[in-house]
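Asker: show me how the following folds:
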Amino acid sequence: MDRRNFLKVALAGAAAGLGARGALPLARAESEPRKETAVLNLSSQEERIPGRSLREKVEKLQAWGASGLEVAGNAPARIQEIKDALRGTTVRVSAICAGYFSLIDPDPEKRKEGTRRLTDMLSVAGELEAVGVIVVPAFNNHPQLDWEEGRKVLVDLLPAVGKHAVACKTLVLLEPLNRAEAHFLNRLEQAVDICKAVRNPGIAMMGDFYHMAKEETDDEAAFLATGDLCHHVHLASHQRNLPGQDDRSFVAGFRGLKKIGYRDYCSLECNVQGESEVEIPKSFEFLRSQWAEAKT
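Answerer: Numbering: from 1, shown residues only. Got it, this is the predicted structure:
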C-alpha cells in the first residue's frame, strides 16, 4: 500500500500496510501481529546528530546507515527546511516529537485548544510524510484529570482527531512515560487500551526503552501486547545514554518487535557520552548486533 491509497484503505477498514520507507502501516482497532517480516529502521532525533545545518545532519545519518530523522515540535515553521534537507537522500521523517497538547486538562477550553493544535500538527506531519506525531497526554507538572476521567476524555475526543490523521496519511502516537515524569500514562498496555477503546485507524502508540526499563517487567511481552498498534520506538539506555554505553540490553524488546512484524522507526532519544561522530555510529552498530541476536 502506498501513501496515495492510505485514505481509501483506511476508510475501507483494511488490515495491511507496508513499512517505514514511503508507506505507512495502518493502526487497527484490535491489536494483532503484522504479517510482514520485521525490519530495523534506525532513526534519531535531530538534536542528537552533530552538524552545522539540518542537511549536514541528514547526510551523516545516511552515511551511518540510518533511514529516519525525528524532528522537533517547531516543525511547522521549518517545513521547507526539512524537505530541502531530505531531498535526494534515503532519509525520511520518522516522527514529529511534539509532546504536550493539554488533551486531559481539567479545563474544557484548554482541551479544545490542545485538540486544535494537535490537528494542525498532524497536517504538518502529513505534509512531511511522517509516520506520526508523538503525544504525551500530560506531564506531571501539568493540570490533568485522573486516569478514569482522562481516559474517558481521550476516548471521546480522539476519534475526530484520528479522522483528521487518516486524511493526512499519518498517526497520533501516544507515548507512555515513567511515573517520575507522567502520572497518567506509564505502560504500553495502557496506551493499547486507549487505542482499542477509540477504535480509529489514526490513533496508535509507541514504546520508549528508557521508560520501559522503569515501568515494564518484560520488554518482549510489553511489545507483544501492542500488536499492530505500535508505530514508533525511542531508543535509550536505562541511564538515558546511547544504546551500548551501559549494560542495558535491547534483545528482549527487539525480539518482541520482530514477533509483531514491526517495520517503522527506532529512533535515538538519549544523551551522548563522548564524541558524537564516534559514539553514534558505534551505537548504531551495537543496535544492529542486538537486533541480529533477537532470534524468534
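Asker: pLDDT weak spots in the stretch 51-200 of the chain?
Answerer: Within the stretch 51-200 of the chain, no stretch has pLDDT under 70.
Asker: all helices of it, in order?
Answerer: Using DSSP state H, counting those that start in this stretch, the helices of the stretch 51-200 of the chain run over residues 54-63, 79-86, 108-128, 147-167, 188-198.
Asker: my guess is Asp119 contacts His164. True?
Answerer: To be clear, residue 119 is Thr; Asp isn't right here. Yes: using C-beta atoms under 8 Å, Thr119 is in contact with His164, at 5.2 Å. No exception for glycine: its C-beta is placed from N, CA and C like everyone else's.
Asker: nearest residue to Glu59 in space, please, no chain neighbours.
Answerer: Thr89 (6.9 Å; C-beta to C-beta, 6 or more residues apart in numbering).
Asker: for that neighbour, give me its contacts.
Answerer: Contact analysis of Thr89 by C-beta atoms under 8 Å, 6 or more residues apart in numbering lists Val58, Glu59, Gln62.
Asker: distance of the last one relative to Glu56?
Answerer: Spatial separation of Gln62 from Glu56 under the definition C-beta to C-beta, to the nearest Å is 11 Å.
Asker: so what sits against both of those two?
Answerer: With contacts defined as C-beta under 8 Å, 6+ apart, no residue is shared by Gln62 and Glu56.
Asker: settle it for me: which of those two has more neighbours?
Answerer: Set side by side, Gln62 and Glu56 show more neighbours around Gln62, with 16 against 13, by other C-beta atoms under 10 Å.
Asker: scan this structure for its longest strand.
Answerer: The longest strand of the chain (DSSP state E) is strand 92-100.
Asker: okay, buried residues for it please.
Answerer: Neighbour counts over strand 92-100 (16 or more other C-beta atoms under 10 Å) mark Arg92, Val93, Ser94, Ala95, Ile96, Cys97, Ala98, Tyr100 as buried.
Asker: so what's Arg117 up against?
Answerer: Neighbouring residues of Arg117 by C-beta under 8 Å, 6+ apart: Phe101.
Asker: list phi and psi for the most centrally placed residue in the chain.
Answerer: Central residue of the chain (C-alpha atoms, centre = their mean): His232, 3.0 Å from the mean position. Main-chain torsions, His232, degrees, to the nearest 10: phi -160, psi 150.
Asker: so what pLDDT did it get?
Answerer: At His232, the pLDDT value in this model is 98.
Asker: which one is it nearest to, not counting chain neighbours?
Answerer: Met206 (3.8 Å).
Asker: quick one on the thing from earlier: could you dump the buried residues of strand 92-100 into CSV and include distance to Asn200?
Answerer: Compiled in CSV, these are given as follows (distance: C-beta to C-beta, whole Å):
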residue, distance to Asn200
Arg92, 24
Val93, 22
Ser94, 22
Ala95, 18
Ile96, 19
Cys97, 22
Ala98, 19
Tyr100, 21
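Asker: of those residues, closest to Gly227?
Answerer: Ranking the buried residues of strand 92-100 by separation from Gly227, with C-beta to C-beta as the measure, puts Ala95 on top at 19.3 Å.
Asker: residues touching that closest one, list them.
Answerer: Ala95 makes contacts with 43, 70-71, 125, 130-134, 173, 206, 232, 265, 267, as judged by C-beta under 8 Å, 6+ apart.
Asker: before I go, just wanted to say thanks for your time.
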